[in-house]
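Student: Pasted the sequence and its predicted model underneath.
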Amino acid sequence: MVESISQSSYTAKLLLIGDTYVGKTCIIFRFVKNSFSLTQQTPGIDMEVKTIDIDNDKVKLQIWDTVGHAQFQTVTQIYYNGANGVIFVYDCTDEKSFSNIKEWVGKIDSLVNDDVAKVLIGNKCDNIDKKISFEQGKNLADELGICFFETSAKCDINIDNTFMYIAKEIKNKPNSNRLCDCNRFSLTSTNISKVPKGCCRR
């Protein structure tokens, strides 16, 4: 659940989900640090924080970066609890990452609440080897009932727009001002059981 820190301040948990090498880490680093490197890789699970202004309110985004390798999925599923928003990412040059989006959506839908904000993005849209058209991405997003952006972390295309959009969607959810104690806890395998019962679940 989004944590209301004060009358005009919110903290939200946001996940980036998709296959390995679609550019999730690069997207986060571009948004949070305005930097880009082809050597950026996620060792397992990482989290970055950035506070933005939405309609004169402060929204603190906890942005969780998860590895797409199948062997990490059992570990990463414990981090899905309490998510307020999910950005599904595919690589515009990788048809398999695009076809796997429905599988990712199905997996997430079985683990999070129905009112979680969602966005689909096709990353690396600047690449000359682009195989997935804008129309294909938009059609998939329409089928899933979510918004769609084409992005490039390298060229800084639509990165800010994506995060601003989903942050606004999260903030405007009916229960966005409900109090929650989640930020007192680091969700690791050793203390996950200590999170208050019902915390971050609507």
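Tutor: Great, that's in hand. For clarity, every value in this text was computed on a predicted model and none was experimentally measured. Numbering: from 1, shown residues only.
Student: End to end on stretch 137-157, go ahead and measure it.
Tutor: In stretch 137-157, first residue to last residue: 16 Å (Cα to Cα, to the nearest Å).
Student: can you check stretch 48-64 too?
Tutor: Terminal residues of stretch 48-64 are spaced 7 Å apart (Cα to Cα).
Student: From here on, call the first residue 45.
Tutor: Sounds good: first residue 45 from here, last item stretch 92-108.
Student: Pull out the buried positions in that stretch.
Tutor: Within stretch 92-108, the residues scored as buried using 16 or more other Cβ atoms under 10 Å are 92, 94, 98, 101, 103, 104, 105, 106, 107, 108. C-beta coordinates here come from the backbone N, C-alpha and C atoms, glycine included.
Student: residues in contact with that stretch?
Tutor: 49, 52-60, 72-73, 75-77, 89-91, 109, 123, 127, 207-208, 211-212, 214-215 (Cβ atoms under 8 Å, 6 or more residues apart in numbering).
Student: Please state the offset of that stretch from the chain centre?
Tutor: Relative to the chain's own centre, stretch 92-108 is displaced by 13 Å; criterion: Cα atoms, centre = their mean, to the nearest Å.
Student: What segments of the protein are helices?
Tutor: Assigned by DSSP state H, the helices in the chain fall at 68-77, 117-120, 139-143, 145-153, 178-188, 203-215.
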